[in-house]
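Student: Please find the sequence and the predicted model below.
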Amino acid sequence: MWEDTAFIVASGQAKTTAPDGFVLEPDEAKQLLSKLTGIKQKLTTMRESAINLCGMKPPAQDPSTVAAHVAMVGDGAAKMGAYSYGGGHIDLQLAYVDEFIQRIAEALGMTRSSDHQQTSLINRVDHQETTE
């Protein structure tokens with residue numbers, strides 16, 4: 001879904017030279033990641049509820065009850081019901097949010113590794129100045 005969209009985490013002057021895409025401050029990216037994780041948890045709970053709804057059995061075997069049941073949960077073969085379609089939409093939303101989380105986490109990871117590299121360079125320079 002996001003194959004042609006880049007997420008970049010940058011701050012200060014680096015924001016102006018960042019490549020095309022969504023440029024987020026590190027704190028913004030962390031907040032977004034936290035919100036997306038909460039949304040994923042809610043969607044996972046909704047998915048479990050949809051699975052339970054689709055697993056219902058008709059309370060009686062009379063034709064009108066069975067027809068209403070098939071309309072809600074499907075016939076278990078080719079015909080899907082309203083709850084089955086809803087469950088499919090929840091699966092699509094989960095896939096969307098999962099990929100979004102992965103992209104933001106990767107962008108944060110790149111920033112973290114870059115920060116660690118810069119910190120080690122600064123520490124080496126500081127160490128060289130104090131030893132001379």
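Tutor: Alright, I've got the coordinates.
Student: Please count neighbours and contacts with C-alpha atoms only from this point.
Tutor: Noted.
Student: all strands of the chain, in order?
Tutor: For the chain, the strands defined by DSSP state E cover 7-9, 22-24.
Student: want to throw those strands into CSV with distance to Ile39?
Tutor: As requested, the strands of the chain are arranged in CSV below (distance: least, C-alpha to C-alpha, whole Å):
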stretch, distance to Ile39
strand 7-9, 19
strand 22-24, 20
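Student: Quick one: closest of these to Gln41.
Tutor: Of all the strands of the chain, it is strand 7-9 that lies closest to Gln41, at 22.5 Å by C-alpha to C-alpha.
Student: Could you check what's spatially nearest to Leu108, not counting adjacent residues?
Tutor: Computed as C-alpha to C-alpha, 6 or more residues apart in numbering, the closest residue to Leu108 that is not its neighbour in sequence is Val9, at 6.2 Å.
Student: Touching, that neighbour and Leu24? I think so.
Tutor: Yes. Judged on C-alpha atoms under 8 Å, Val9 makes contact with Leu24 at a distance of 4.8 Å.
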